[in-house]
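Enquirer: Task: produce atomic coordinates for the following.
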Amino acid sequence: MLELDLSADIQALRSTFADIQAVVDVPALRADIARLSEEAGAPDLWDDPEKAQKVTSSLSHRQAELARVTDIERRLDDLEVLVELANEMEDEDSAVEARAELKALGEVIGQLEVQTLLDGEFDERPAVVTIRAGAGGVDAADFAEMLLRMYLRWAEHNKYPVTVMDTSYAEEAGIKSATFEVDAPYAFGTLSVEAGTHRLVRMSPFNSAGKRQTSFAAVEVIPLMEEATEVEIPEADIRVDVFRSSGPGGQSVNTTDSAVRITHLPTGIVVSMQNEKSQIQNRAAALRVLQSRLLLLQKEQEAATKKELAGNITASWGDQMRSYVLAPYQMVKDLRTDYEVNNPQAVFDGDLDGFISSGIRWRKRKDDDA
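Expert: Purely as a prediction, here's the structure:
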């Protein structure tokens, strides 16, 4: 006789989900959606395209967040019905389905629970991610391109809109650097734990002797500010260069000098942009990213000063935050959290949620202990 009892497990999920609902504040979320829907329905909305874009984007983000919460609630109700049906009909197939759904719901609720830990000043903002090849020659450039693909696949899995803003291709293979924007709620808070130095160990496809090669790539993550006026940048503090957009092998992507490179002279920060079709659009996008980087730099300097005054200066996250080992064994390991998997290919295909969740929990513990 089949007797499937998942009541304790379901109750535990419901308890965790109730805590999440309290943090998300569903009534306030519904009120925001109602207000934004009214603004989005205004006949003169698109008279100001920039404002219209902000309204529709905010509405879309909040609707997605509400849909995620209501979907979990529905699935929990359906799971209880499925368990009851499996017991009444003594249906082993339904029992197998119920156990699988319990596991899937546990993962989804766990991911949503992690999001409630994102309470930093800029955690809700979209993210701008820059990947740069480090030491390791051609292997490092190839590794940087592997990381770019990894993050784009991760965003695709999660249905997050992504815009590749700039790509600088290496001469032989791979990329020197790439910058892309992830426009999703809590994108910065989520991806900020990916910042740091990534290390790849493998048998190099670019080494005729077939020797094992270690290469490095740096990942930078900044929040994209909503307003371009967050940080004022005097014109005298920047140098603007224009050039022709390029593709792999140095080929020209278009025939006009529309790509823009802005150098912030006081700090040496350089931002390149070539995604947009016009020089004016690329300049505006580059300036916005520069302002975001300067604001984050300002916050970091303030935090460093506070730590120095407190007599507690610590290194941020360490030079090598994650190792991707393809030879002599297969493993990807986060050196901060000790989270690891033995399937590097899945990770490079975008299976990053485990690493991101463990990183967010690790950071929260560090902040609580500080």
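Enquirer: average pLDDT for whichever helix or strand residue 290 is part of?
Expert: Per DSSP states H and E, residue 290 falls inside helix 279-309. Mean pLDDT, helix 279-309: 76.
Enquirer: Could I get the average pLDDT for stretch 134-144?
Expert: pLDDT averaged over stretch 134-144 gives 92.
Enquirer: Neighbouring strands of the next helix or strand after the helix holding residue 290 in the sheet, and parallel or not?
Expert: Proceeding N to C from helix 279-309, the next assigned helix or strand is strand 320-325, under DSSP H and E. Sheet pairing of strand 320-325 (DSSP bridges) gives strand 196-203 (parallel), strand 331-334 (antiparallel).
Enquirer: can you give me how far the shortest one is from the chain middle?
Expert: So that's strand 331-334. Chain-centre distance of strand 331-334: 18 Å, with CA atoms, centre = their mean, to the nearest Å.
Enquirer: what do you get for stretch 152-166?
Expert: Relative to the chain's own centre, stretch 152-166 is displaced by 9 Å; criterion: CA atoms, centre = their mean.
Enquirer: before we move on, back to that, would a markdown table of the strands paired with strand 320-325 with mean pLDDT, mean neighbour count and distance to residue 48 be doable?
Expert: All C-beta spots, glycine's among them, are computed from the backbone N, C-alpha and C. Listed next are the strands paired with strand 320-325 as a markdown table, based on pLDDT from 0 to 100; neighbours: other CB atoms under 10 Å; distance: least, CB to CB, whole Å:
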| stretch | mean pLDDT | mean neighbour count | distance to residue 48 |
| --- | --- | --- | --- |
| strand 196-203 | 92 | 20 | 39 |
| strand 331-334 | 97 | 19 | 44 |
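Enquirer: looking at these, which is closest to residue 98?
Expert: Closest approach to residue 98 among the strands paired with strand 320-325 is made by strand 331-334 (32.2 Å; CB to CB).
Enquirer: right, and the helix or strand after that closest one?
Expert: Following strand 331-334 in sequence, per DSSP H and E, is strand 340-341.
Enquirer: how about the CA coordinates for the next helix or strand after that next one, as CSV?
Expert: As assigned by DSSP H and E, the chain's next helix or strand after strand 340-341 is helix 344-348. The C-alpha coordinates for helix 344-348 follow below in CSV (Å, rounded to 0.1, in the frame of the first residue of the first chain):
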residue,chain,number,x,y,z
PRO,A,344,33.2,22.2,-15.3
GLN,A,345,31.3,22.0,-18.6
ALA,A,346,28.0,22.6,-16.9
VAL,A,347,29.4,25.6,-15.2
PHE,A,348,30.8,27.1,-18.4
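Enquirer: in helix 344-348, what counts as buried?
Expert: For helix 344-348, the neighbour count (16 or more other CB atoms under 10 Å) marks 344, 347-348 as buried.
Enquirer: Any idea which of the strands paired with strand 320-325 gets closest to residue 16?
Expert: Using CB to CB, these put strand 331-334 closest to residue 16, at 23.8 Å.
Enquirer: Check the gap between residue 260 and residue 191 for me.
Expert: In this view, residue 260 and residue 191 are 25 Å apart by CB to CB, to the nearest Å.
Enquirer: In the protein, where's the longest helix?
Expert: Using DSSP state H to define each element, the chain has its longest helix at helix 49-89.
Enquirer: Provide a list of residues in contact with the nearest residue to residue 30 once chain neighbours are set aside.
Expert: In this structure, residue 30 finds its nearest non-sequential neighbour in residue 66, 6.8 Å apart by CB to CB, 6 or more residues apart in numbering. Shown in contact with residue 66 (CB atoms under 8 Å, 6 or more residues apart in numbering): 26, 29-30, 33.
Enquirer: Residue 47: which of these is nearest?
Expert: residue 33 (22.8 Å).
Enquirer: Doesn't that closest one lie inside a helix?
Expert: Yes. Counting by DSSP: H, G, I helix; E, B strand; the rest coil, residue 33 is located in a helix.
Enquirer: Show me which residues of the helix holding residue 290 are buried.
Expert: Neighbour-count burial for helix 279-309 [16+ other CB under 10 Å]: 279, 282-283, 285-296.
Enquirer: mind saving the C-alpha coords of stretch 107-126 as CSV?
Expert: C-alpha atoms of stretch 107-126 as CSV (Å, rounded to 0.1, in the frame of the first residue of the first chain):
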residue,chain,number,x,y,z
GLU,A,107,15.6,24.8,-5.1
VAL,A,108,13.4,27.7,-6.3
ILE,A,109,12.5,28.8,-2.7
GLY,A,110,16.1,28.5,-1.7
GLN,A,111,17.1,30.9,-4.6
LEU,A,112,14.4,33.3,-3.7
GLU,A,113,15.5,33.2,0.0
VAL,A,114,19.0,34.1,-1.1
GLN,A,115,17.6,37.2,-2.9
THR,A,116,16.1,38.4,0.4
LEU,A,117,19.7,38.7,1.7
LEU,A,118,20.4,41.3,-0.9
ASP,A,119,19.9,44.5,1.1
GLY,A,120,22.9,46.5,0.0
GLU,A,121,22.6,50.1,-1.1
PHE,A,122,22.8,49.3,-4.8
ASP,A,123,21.8,45.6,-4.8
GLU,A,124,18.5,46.3,-6.6
ARG,A,125,20.2,48.0,-9.6
PRO,A,126,21.0,46.5,-13.0
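Enquirer: gap between that stretch and the chain center?
Expert: Centroid separation for stretch 107-126 versus its chain: 11 Å, with CA atoms, centre = their mean.
Enquirer: Touching, residue 154 and residue 346? I think so.
Expert: No. Counting by CB atoms under 8 Å, residue 346 is not a contact partner of residue 154; they are 11.2 Å apart.
Enquirer: Many thanks, I have nothing further to ask.
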